[in-house]
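Enquirer: Fold the following and give me the result.
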Amino acid sequence: MPQVTIRTGMIASNGQEEVLSEFLCDWPGCPNVAEHVAGVVRELRRALMLCPEHAAKTRQRFGPADEAA
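Expert: The predicted structure follows:
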């Protein structure tokens, strides 16, 4: 999952520059910010993160995770 870091140039009260970090959607070609975790493989320390649009498409196709059991 690609992580984007933006340096604001503003100095916080602790003297450090404020930095914003976001993860991008893992859907191929999607530039949106990821808001939903679709799955995790702990052993590999990897997660699949999706934006709201692609998370909804995944739910439509596969159904909610709690229905899989």
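
Enquirer: make it CA atoms for all contacts and neighbour counts henceforth
Expert: Noted.

Enquirer: Helices along this structure, start to end?
Expert: Secondary structure of the chain (DSSP state H): helices located at 52-62.

Enquirer: most centrally placed residue in it?
Expert: Nearest to the geometric centre of the chain sits A34, at 3.1 Å (CA atoms, centre = their mean).

Enquirer: Do I have it right that that residue meets V4?
Expert: No. A34 lies out of contact with V4 (CA atoms under 8 Å); the separation is 10.9 Å.

Enquirer: residues in contact with the residue nearest to the centre of the chain?
Expert: For A34, the contact set (CA atoms under 8 Å, 6 or more residues apart in numbering) comprises E22, F23, L24, C25, D26, M49, L50, C51, P52.

Enquirer: Repeat the analysis, applying 6 Å as the threshold.
Expert: Counting by CA atoms under 6 Å, 6 or more residues apart in numbering, A34 touches F23, L24, C25, M49, L50, C51.

Enquirer: Now distance to A12, neighbour count and pLDDT too, for those residues, in JSON lines please.
Expert: JSON lines is the format used below for the contacts of A34 (distance: CA to CA, whole Å; neighbours: other CA atoms under 10 Å; pLDDT from 0 to 100):
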{"residue": "F23", "distance to A12": "23", "neighbour count": "18", "pLDDT": "89"}
{"residue": "L24", "distance to A12": "25", "neighbour count": "19", "pLDDT": "91"}
{"residue": "C25", "distance to A12": "29", "neighbour count": "26", "pLDDT": "93"}
{"residue": "M49", "distance to A12": "29", "neighbour count": "23", "pLDDT": "92"}
{"residue": "L50", "distance to A12": "30", "neighbour count": "25", "pLDDT": "93"}
{"residue": "C51", "distance to A12": "29", "neighbour count": "21", "pLDDT": "94"}
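
Enquirer: Looking at those residues, which are in strands?
Expert: The strands, defined by DSSP state E, take in F23, M49, L50 from those.

Enquirer: Export those residues as CSV, with columns for distance to A38.
Expert: Output for the ones in strands among the contacts of A34, formatted as CSV (distance: CA to CA, whole Å):
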residue, distance to A38
F23, 13
M49, 6
L50, 7
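
Enquirer: What separation do you get for the closest residue to A47 other than its chain neighbours and M49?
Expert: Closest residue to A47 apart from its sequence neighbours, by CA to CA, 6 or more residues apart in numbering: V40 at 4.3 Å. Noted for V40: a distance of 9 Å to M49, by CA to CA, to the nearest Å.
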